[in-house]
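J.: any chance you could fold what I've pasted below:
(one chain, ligands or ions: 2)
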Amino acid sequence: MIEVKNVHFAYGERPILTDVSFKVDSDESVVVMGPSGSGKSTILRLILGLECPQQGEIIIDGQNICAMKERQKQEIRKKIGMVFQDGALFDSLSVWENVGFYLLEHTDMPLDEIGERAVEMLGFVGLDAEEIVDKLPEQLSGGMQRRVAIGRTLLSTDPRVMLYDEPTTGLDPQSTENVLGLIKKLNVEKQISTIVVTHQIADAISIASRFIVIVEGSVAFDGSLDELRDSTDKKVREFLNPFRESFNEVTERKFI
Ligand SMILES: Nc1ncnc2c1ncn2[C@@H]1O[C@H](COP(=O)(O)OP(=O)(O)O)[C@@H](O)[C@H]1O
Ligand SMILES: [Mg+2]
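T.: Ligands and ions are numbered 1, 2, ... in the order given. Take a look at the predicted model:
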C-alpha cells in the first residue's frame, strides 16, 4: 500500500532524512517512534506528497506520488486521511460544520443531508452527536476535539490509509483510551492501513504490531515488540531507556 524507498530529504541545506525505507501493507497498523526532531512528521508530509524527497521514492498503491501531476495527487490524497497533531479544527465553525467541511465546500449536497452525515459520523467516532453538533470546538475536551478531527477526515476522504501525528499528546488517560480505541476500530473494522506517529510507548504497544524507530533521520529499528525489546542497537536502546517503566507496565516480558 505504501512504500518509502531510499528516501533522502533536506530542508534547504539541512538533511532531515537519510536513506529511510519501509513498507506498510494494506490492513497493517504501524507505529513510528523516535526522539523529537528526528523527522517523524516529515515522513507523514512526504507520504501525503506535501514535500518531495531529493532522492528516493514514495509509492502509494503502486504509484510514485511525486511523479504525479497536481490533479492526480489530489485523487490519491483522497485515499489518505491525515489527522494533524493539534486536530486543526476550524475555531469559528460549529462541530457539524467542521465534520461536514469537505461536503460543504466541495459538493452540492443539501445542507440537511450534510447535517445528517455529520451526526452519523459523530456517532461513529463515539460522540454524543445531539449534545455537541452545534457547539464550537473550544467547548469540547481535547479528546473530543481529536475525535471530531478524525470524523472530519473520514467524511472528507474515503481513506484506505490513515496517518495520525501524535494523536494522544496532551490528552488525559480516558480520552487517550477513547482515541486509541477509535484508531484500532478503524484499522480492524474498516481495514484501513494505519501509520501512527507517537512517542508514547504504552499507546504504541496498544495499537500496533509493528514498530519503526527513527533516530537522526534514519530507520534505527523496524520489527515486532519482542524484537524491539531485545534490540541491542545503541540508538534504539538510548531512545527506549527513558520509557523503560511504561514499557514494563504494559508488557509481560520485561525490558532491561
Ligand atoms: N518547514 C521546515 N523548514 C525547515 N526545517 C524544518 C521544517 N519543518 C521541520 N523542520 C525541521 O526538521 C526536523 C524534523 O522535524 P519533524 O519531522 O517535525 O520531527 P518530529 O516530528 O520527529 O519531531 C526538525 O529539526 C525541524 O526543526
Ligand atoms: Mg512531529
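
J.: alpha carbons of stretch 149-157, as CSV, please.
T.: Provided in CSV are the C-alpha atoms of stretch 149-157 (Å, rounded to 0.1, in the frame of the first residue of the first chain):
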residue,chain,number,x,y,z
ALA,A,149,-11.0,15.8,13.7
ILE,A,150,-10.9,12.1,12.9
GLY,A,151,-14.6,12.2,12.0
ARG,A,152,-13.9,15.2,9.7
THR,A,153,-11.1,13.3,8.0
LEU,A,154,-13.3,10.2,7.5
LEU,A,155,-16.1,12.3,6.0
SER,A,156,-13.8,14.2,3.6
THR,A,157,-11.8,11.3,2.2
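
J.: excluding residues flanking it in the chain, which one is nearest F243?
T.: Nearest-residue entry for F243: I201, 4.2 Å, with adjacent residues in sequence omitted and distances by CB to CB, 6 or more residues apart in numbering. Placement of C-beta: from N, CA and C, glycine included.

J.: one more: E3?
T.: E3's closest residue in space is I59 (CB to CB, 6+ apart), at 4.2 Å.

J.: residues from this protein in reach of ligand 1?
T.: Y11, I16, G34, S36, G37, S38, G39, K40, S41, T42 (CB under 6 Å from any ligand atom).

J.: what residues are bridge-paired with the first one?
T.: Beta-bridge partners recorded for Y11 (DSSP bridges): R14.

J.: okay, it and Y102: tell me how far apart.
T.: 30 Å (CB to CB, to the nearest Å).

J.: quick one, which of the two is more surrounded?
T.: Y102 (15 against 9; other CB atoms under 10 Å).

J.: D91: which element?
T.: Assigned by DSSP states H and E, D91 belongs to no helix or strand.
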